[in-house]
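>>> Predicted structure and sequence below. I'll ask about it afterward.
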Amino acid sequence: MTQKTDNKKFFEKSLEDYRDQVWGCARCNWCQNQWGWNVKNAEYSEVCPAFHEYRFFPYSGMGKMHIARALIEGDFDGEDAPELAEFIYTCTTCGACEMNCQRMQDKEPLKINETLRAMLVKEGLGPLPEHKNLINSVKSYDNPWMQPRTQRDRWARKINIRDAKKEKCETLFFVGCTTALDPSMATVAQNTAKILLKAGVDLGMLGKDEICCGSPIARLGDRETFLALAKRNIERLNSLGVKEIVTSCPGCFRAIRQDYAEIPEAPEINFNVYHTVEYLDRLIKEGKLELKTEVPMKVAWHDPCHLGRHCGIYDAPRNILKAIPGIKLQEKERIKDQSWCCGGGGGARTAFLDFAQITAGKLIDEVKNTTDAEAIVTCCPFCEQNIGDVLSRTEDKLELIDLIDLVKKATNG
Ligand code: SF4
Ligand code: SF4
């Protein structure tokens, strides 16, 4: 998604800065529907999970624009509308509304919804109680999962990876809270490190001293906490002297690559950041990573919103899948910038678990109904938690696999 070019950074903008945009909303509904030329089937013609589920306009991107307009003009006061926080937080921040609006109308409904969230937090009307536990955990433990800092490097106990604080290295593996601390994600962290080390990358990690990137906090609208975390991270990462950072979490990737640049008076950032899929795609093209072992399987790729729509990375994971001998990529109906969100982002899974899981269920149905895939492959810990929960309660044979685990198999590992 494109960034508007005025001279204010996103994290200092108020609703007033969007006055022209919210008055300019054409009520055209592109923010709820797939971009026309892609539609093949009425069942898969929509893109907004919140509007699809609740069928009431305040849940849509357009609805958020009109809530913002009413608040700017003083048509009602946030305190007079108890449903307001629910409308604003029942959103996965998938960005489909903004993607399609910008094609026709050049407005930013998702950024406006995130600014509405920031306004609610400032006025003490948000976030929701469930979100407060997550924010308090980040403040107390530097991660949203209430896990002690000592657990953060347990995935690496049998891996010979250097401590970037003690030894200089060129590339830092920024693991991310969920991949580092959710035991079901440990293999993703381990396989990422093993593959990068085998490809000769001069790799290090922060271990117990890695802290949350701030992505979940930014999406919830708690700007004060996010800005403090982001500045701590920038200073710490700069101090290591690394040339580049690679992360396996699309949320961390988006935060470090895009959100940190939108912080007012942020320190200069002295490194480049890559998602693992971009990095591996480059290593394969440069002949530094060979995928020789056959992995016979039909798979469907799920584009994580924070990697795809938010950062524009669609080809790298597909290039990797095509480079694995035996893999047959089967594209589902909605892909790339029209992909259906897994439902897990933006605090939706924390506060509205049913909505999040219904959304994941629709994604699973789409894969089953429009492909012959044996597995959904993706590369986001949040997508994997949410889709995995729903799949685990079904009798389906459909598997859920992180791309890095397929790459590991293909490297004879
Ligand atoms: S696509 Fe944009 S202009 Fe059209 S209704 Fe949605 S927010 Fe308004
Ligand atoms: S970000 Fe996604 S869930 Fe939220 S309003 Fe836009 S399309 Fe709907």
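Cool, the structure landed. These figures come from a predicted structure and were not determined experimentally. Ligands and ions are numbered 1, 2, ... in the order given.

>>> At the contact with ligand 2, which residues of the chain appear?
47-50, 60-61, 91-97, 110 (CB under 6 Å from any ligand atom). Heads up, the C-betas are built off the backbone N, CA and C, glycines and all.

>>> Filter those residues down to the buried ones.
Buried members of the residues of the chain next to ligand 2, scored by 16 or more other CB atoms under 10 Å, are 47-50, 60-61, 91-97, 110.

>>> Within reach of ligand 1, which of these are there?
With CB under 6 Å from any ligand atom as the criterion, those include residue 61 near ligand 1.

>>> Show me which residues of the protein are close to ligand 1?
Residues of the chain found near ligand 1 (CB under 6 Å from any ligand atom) are 25-31, 61-62, 65, 101, 105, 107, 109.

>>> Can you pick out the ones from these that are in helices?
61, 62, 65, 101, 109 (DSSP state H).

>>> if I pick the closest residue to the third one other than its chain neighbours, what's in contact with it?
Distance criterion CB to CB, 6 or more residues apart in numbering; nearest residue to residue 65, sequence neighbours excluded, is residue 25 at 4.2 Å. Residue 25 makes contact with 62, 65, 66, 69, 105, 107 under the criterion CB atoms under 8 Å, 6 or more residues apart in numbering.

>>> And the protein, what are its domain boundaries?
10-122, 141-282, 291-410 (automatic domain parsing).

>>> how about JSON lines for those domains, with mean pLDDT added?
As requested, the domains of the chain are exported to JSON lines (pLDDT from 0 to 100):
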{"stretch": "domain 10-122", "mean pLDDT": "94"}
{"stretch": "domain 141-282", "mean pLDDT": "97"}
{"stretch": "domain 291-410", "mean pLDDT": "97"}
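
>>> rewinding a little: neighbour-wise, give me the winner out of the contacts of residue 25.
With neighbours set by other CB atoms under 10 Å, the maximum within these is found at residue 65, which has 29 neighbours.

>>> Touching, that one and residue 108? I think so.
No - at 9.3 Å, residue 65 and residue 108 do not qualify as touching, with contact defined as CB atoms under 8 Å.

>>> Kindly present the buried ones among the residues of the chain next to ligand 2 as JSON lines, with separate columns for secondary structure.
Below are those laid out as JSON lines (DSSP: H, G, I helix; E, B strand; the rest coil):
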{"residue": "47", "secondary structure": "coil"}
{"residue": "48", "secondary structure": "coil"}
{"residue": "49", "secondary structure": "helix"}
{"residue": "50", "secondary structure": "helix"}
{"residue": "60", "secondary structure": "coil"}
{"residue": "61", "secondary structure": "helix"}
{"residue": "91", "secondary structure": "coil"}
{"residue": "92", "secondary structure": "coil"}
{"residue": "93", "secondary structure": "coil"}
{"residue": "94", "secondary structure": "coil"}
{"residue": "95", "secondary structure": "coil"}
{"residue": "96", "secondary structure": "helix"}
{"residue": "97", "secondary structure": "helix"}
{"residue": "110", "secondary structure": "helix"}
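
>>> quick check, nearest of the buried ones among the residues of the chain next to ligand 2 to ligand 1?
residue 61 (4.8 Å; CB to the nearest ligand atom).

>>> List the contacts of the residue lying closest to the closest one once chain neighbours are set aside.
Distances taken as CB to CB, 6+ apart put residue 97 closest to residue 61, at 2.7 Å, once the chain neighbours are dropped. Going by CB under 8 Å, 6+ apart, residue 97 touches 31, 32, 47, 48, 60, 61, 62, 64, 109, 110.

>>> helix, strand or coil for the most centrally placed residue in the chain?
Central residue of the chain (CA atoms, centre = their mean): residue 306, 3.3 Å from the mean position. With three-state DSSP as the basis, residue 306 sits in coil.

>>> need the helices for the stretch 1-150 of the chain, in chain order.
For the stretch 1-150 of the chain, applying DSSP state H, counting those that start in this stretch gives helices covering 19-23, 49-54, 61-72, 84-89, 96-104, 109-122, 129-141.

>>> Residue 367 is nearest to which of those?
helix 49-54 (15.7 Å; CB to CB).

>>> Tell me which other helices or strands the closest one touches.
With contacts taken as 3 or more CB pairs under 8 Å, 6 or more residues apart in numbering; DSSP states H and E, helix 49-54 sits against helix 353-370.

>>> Give the buried residues for the helix it packs on.
Quick answer for helix 353-370 (16+ other CB under 10 Å): 355-357, 359-364, 366-368, 370.

>>> The residue nearest to residue 357 when sequence neighbours are not counted: neighbouring residues, count only.
Nearest non-adjacent residue to residue 357, counting by CB to CB, 6+ apart: residue 390, 5.2 Å away. As a burial measure, residue 390 scores 21 neighbours (other CB under 10 Å).

>>> before we move on, what about the one 4 residues further on?
By the other CB under 10 Å criterion, the neighbourhood of residue 394 contains 11 residues.

>>> what about it, distance to ligand 2?
Using CB to the nearest ligand atom, to the nearest Å, residue 394 is found at 24 Å from ligand 2.

>>> that's a helix at that residue, yeah?
No - counting by three-state DSSP, residue 394 is not part of a helix but coil.

>>> Might you report the residue contacts of it?
By CB under 8 Å, 6+ apart, the neighbours of residue 394 are residue 364.

>>> give me phi/psi at it?
Main-chain dihedrals, residue 394, degrees, to the nearest 10: phi -110, psi 170.

>>> just to revisit the earlier point, spatially, what comes nearest to the residue nearest to the centre of the chain if we skip its sequence neighbours?
The shortest distance from residue 306 to any non-neighbouring residue, by CB to CB, 6+ apart, is to residue 250 (3.7 Å).

>>> repeat for residue 261
Leaving out its chain neighbours, residue 261 is closest to residue 269 (CB to CB, 6+ apart), at 7.4 Å.

>>> Give me the neighbour count for that neighbour.
Neighbours around residue 269, by other CB under 10 Å: 17.

>>> circling back to that earlier point, identify the contacts common to residue 65 and residue 108.
Common neighbours of residue 65 and residue 108 (CB under 8 Å, 6+ apart) are residue 21.

>>> quick one, what contacts residue 188?
Counting by CB under 8 Å, 6+ apart, residue 188 has contacts 179, 248, 381, 402, 404, 405.
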